[in-house]
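# Show me the folded form of this:
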Amino acid sequence: MNYELEKSEGKVKFTFTILPAEWEEEINNVYLKTKHRFNVPGFRKGHAPRKTVENFYGKGVFFDDAIKNCVKKAYSKALDENADVYPVDEPKVDIEKFDDNEIKFTLEVTVKPEVKLGAYTGINLEKVEYTVKQDDVKAVIDRDRKAHVRKIEIKDRAVQNGDKLTIDYSGKVDGVKFEGGTAEKQELVIGSKTFIPGFEDQLIGMNMGETNDISVKFPEDYHAKNLAGKDAIFTVTVHSGVVEEMPEADDGFAQEMGPYETFADYKKDVEKKLKEDSKRREQMANENNIIEAVVANAQFTVPDCMVETQLNYELQDLSYRLSASGLKIEDYFKYIGSNVEEFKSERRQDALTTVQTRLVVEQLIKELTESGKIEVTDKEVDDKIAEFAQGGKMTVEQIKEAGQGEYIKNDLLMTKAIKFLIDNNTFTKATKAKKETKETVSESEVKEEKPKAKRAKKTEE
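Below you'll find the predicted structure:
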C-alpha cells in the first residue's frame with residue numbers, strides 16, 4: 001500500500017493507492033471473517049464458497065467492509081510513519097478511483113497547529129498585590145461568629161422583632177379559605193419581610209402557644225390576581241420561637257474555634273491565614289498574567305474542531321458532576337431554561353482561550369526543554385511518585401503501572417516552565433495611586449484560579 005503526503009496550513013492529506021493483489025487479499029479476508037452470516041441455497045450457512053456468495057448477493061457484497069479495513073490500515077500506517085503529524089479531528093475520506101486496476105483514496109485530516117512563539121522573556125508587567133486590612137480580618141471573625149450562633153428558646157416573653165418562630169396559619173378572604181393560605185409548622189423570622197406587609201408586625205407581642213386573628217391586605221400587584229388588593233384574615237398560632245445570639249468576640253469564643261488561649265491568638269491566626277491566602281492568590285494572578293502575555297505574543301490559528309472538542313469535554317464533565325448529584329444534564333438545562341447550543345455559545349470564547357493556552361504552553365515547554373533551559377530528571381519523577389504514594393492509597397508500583405509517571409513528569413515540566421517565566425520577566429509594583437484601587441482579600445473570597453490566556457494574535461475562532 002503506497003501513499004503520498006501533502007501538507008498545507010493546518011491540514012495533512014494522504015493519497016493511498018491499493019493495487020489489485022492487495023485488494024484481492026483484503027476481499028478474501030473479509031469473506032473469511034463474515035462468511036458465517038450468509039445463507040446460500042444448497043449450502044450450509046457459512047459454508048458457501050466466496051464466488052458463490054458474490055454471485056448470489058452481488059459482486060460488491062464485501063466491498064464496504066474491505067474499504068473500511070483498507071482505510072483503517074492505511075491511516076494507522078501513515079501515522080506510524082509520520083510521528084510529526086498530530087491529528088486533532090477525524091479524517092475526511094474520499095474515494096478518487098475504484099476499478100479493477102487500481103483503488104485510490106485520500107485521507108485529509110486537521111492537525112495541531114504550528115505555534116510560533118513571540119517574546120516570552122523580558123516582558124514587563126504590573127505586579128498584582130492584595131492587601132489584607134483589619135476590616136477583612138473582622139469580616140472573617142464575624143462570619144465565624146455567625147456560623148456559631150446560639151439558638152435560645154423563647155419561654156418567658158412575647159414575640160419581638162428578629163425572633164425565629166414556628167407557626168400555623170390559615171387565611172380566609174370573604175370568609176373562604178384560598179389556595180396556599182394554610183400551613184403548619186411554618187418557620188418565620190420576624191422582620192424578614194417574607195410574608196405580605198403587616199403580617200409579621202402583628203405577631204409582635206404574641207406569646208408562645210397563643211392563637212390570634214390578624215387582618216392584612218394583599219398588595220395591588222400581588223402575583224395571584226385573584227387575591228390582589230383583597231382583605232384577608234389569618235388565624236395564627238405561635239407554637240415556639242428561638243432568638244439567635246452571636247457569641248461575643250472574647251477568649252471563650254476563641255477557644256471554641258480551635259487551640260487558642262485568647263481572642264488575640266485567634267485573631268492573629270486569622271490574619272496570618274488571610275495573608276498566606278493573599279500571597280497564594282498574588283502568585284496565581286501573576287502567573288496567569290505572564291501566560292496571557294506569552295499567548296498574546298504568539299502567532300497561530302486554532303482549528304474550530306479543537307474548540308468543539310474542548311466544549312464537548314466540558315459538557316461531559318458537567319454531565320458527570322450532575323450525575324453525582326442524581327441529576328441528568330437534560331433536566332438541568334430545562335431547569336435553568338437553557339440547552340446544549342446555548343451552553344456552547346456562552347462557553348465558546350473561554351474554550352478557545354483554554355485551547356490557546358494549552359497549545360502555547362506545550363510549545364513553550366518543548367522549546368525550553370530542547371534548549372536545556374528546563375529539565376525534569378527521572379529522580380524528580382520518582383521522588384514525586386513516592387510523595388504521592390505516601391499521601392495516597394496507591395503504592396509506588398501501582399502508580400507506575402497505572403501509567404501516571406508521564407503525567408507526573410508533564411506536571412513537573414509545567415511547574416518549571418511557569419517558574420522560568422516568573423524568573424525571566426519583570427513584575428513592577430503599582431504606583432501608590434493604583435495600589436489603593438487594588439482589591440483586598442478575605443478568606444471567604446479565596447478561590448482556586450487556573451491559568452487563563454487572552455486571545456492570540458492572528459487566531460481564528
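# now the helices: where do they sit in the chain?
Ranges of helices in the chain, per DSSP state H, are 20-34, 50-57, 63-81, 134-147, 251-257, 263-297, 304-323, 329-336, 340-370, 378-391, 396-401, 404-423, 432-435.
# The ones you listed: which one's closest to Tyr222?
Each of the helices of the chain has some distance to Tyr222 by C-beta to C-beta; the shortest is helix 329-336, at 25.8 Å. Heads up, the C-betas are built off the backbone N, CA and C, glycines and all.
# what's the closest one in contact with?
Leu315, Leu318, Ser319, Leu322, Ser323, Asn339, Val340, Phe343 (C-beta atoms under 8 Å, 6 or more residues apart in numbering).
# Could you find the closest non-adjacent residue to the second one?
What sits nearest to Leu318 in space, not counting adjacent residues and going by C-beta to C-beta, 6 or more residues apart in numbering, is Ile329, at 6.3 Å.
# And for that neighbour, the neighbour number?
When neighbours are counted by other C-beta atoms under 10 Å, Ile329 registers 17.
# And Pro113, by the same measure?
By other C-beta under 10 Å, 22 other residues sit near Pro113.
# Pull out the buried residues from the contacts of helix 329-336.
Leu322, Phe343 (16 or more other C-beta atoms under 10 Å).
# which pair in the contacts of helix 329-336 spans the largest distance?
Between any two of the contacts of helix 329-336, the greatest separation by C-beta to C-beta is 18.1 Å, found for Ser323 and Asn339.
# so what's the nearest residue in space to Phe427 that is not next to it in sequence scoring on pLDDT?
When the adjacent residues along the chain are set aside, Phe427 lies closest to Lys127, with 3.8 Å between them (C-beta to C-beta, 6+ apart). Lys127 carries a pLDDT value of 95.
# which residues touch Lys127?
Glu282, Asn286, Phe427, Thr428, Lys429, Ala430.
# would JSON lines of the contacts of helix 329-336 with pLDDT and distance to Ile422 be doable?
As requested, the contacts of helix 329-336 are exported to JSON lines (pLDDT from 0 to 100; distance: C-beta to C-beta, whole Å):
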{"residue": "Leu315", "pLDDT": "97", "distance to Ile422": "34"}
{"residue": "Leu318", "pLDDT": "96", "distance to Ile422": "33"}
{"residue": "Ser319", "pLDDT": "96", "distance to Ile422": "36"}
{"residue": "Leu322", "pLDDT": "95", "distance to Ile422": "37"}
{"residue": "Ser323", "pLDDT": "94", "distance to Ile422": "39"}
{"residue": "Asn339", "pLDDT": "95", "distance to Ile422": "42"}
{"residue": "Val340", "pLDDT": "95", "distance to Ile422": "39"}
{"residue": "Phe343", "pLDDT": "96", "distance to Ile422": "35"}
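# mind checking how far the closest residue to Glu187 other than its chain neighbours is from Lys279?
Counting by C-beta to C-beta, 6+ apart, Thr166 is the residue found nearest to Glu187 once chain neighbours are left out, at 5.8 Å. Per C-beta to C-beta, to the nearest Å, Thr166 is found 47 Å from Lys279.
# The closest residue to Ala224 other than its chain neighbours: neighbour count?
Leaving out its chain neighbours, the residue that sits closest to Ala224 by C-beta to C-beta, 6+ apart is Gly180, at 7.5 Å. Using other C-beta under 10 Å, the number of residues around Gly180 comes to 9.
# Please apply the same query to the one 10 residues further on.
A total of 19 residues lie near Ile190 under the criterion other C-beta under 10 Å.
# Contacts only, for it.
So Ile190 contacts Val159, Gln160, Asn161, Gly162, Asp163, Lys164, Leu165, Glu200, Leu203, Ile204 (C-beta under 8 Å, 6+ apart).
# Neighbour-wise, which one of those leads?
That'd be Leu203 among the contacts of Ile190, by other C-beta under 10 Å, with 25 neighbours.
# Now it. Nearest residue, chain neighbours left out?
Val159 (5.4 Å).
# my guess is that neighbour meets Gln202, correct?
No: Val159 is beyond contact range of Gln202, at 9.9 Å (criterion: C-beta atoms under 8 Å).
# so which of the helices of the chain comes closest to His239?
That would be, of the helices of the chain and by C-beta to C-beta, helix 134-147, which comes in at 25.5 Å.
# what's Val242 in contact with, if anything?
Lys151, Ile152, Glu153, Ile154, Asp163, Lys164.
# So the fifth one versus Gln186, what's the distance?
Applying C-beta to C-beta, one obtains 14 Å for the distance of Asp163 from Gln186.
# what's the pLDDT at the residue nearest to Ala224?
88.
# Pull up the gap between it and Leu203, please.
The gap separating Gly180 from Leu203 is 19 Å, by C-beta to C-beta.
# Equivalent analysis for Asp251, please.
38 Å.
# Give me the distance between the two termini of stretch 138-156.
34 Å (C-alpha to C-alpha, to the nearest Å).
# wait, isn't the residue nearest to Ala224 in contact with Tyr222?
No: between Gly180 and Tyr222 there is no contact under C-beta under 8 Å: 11.3 Å.
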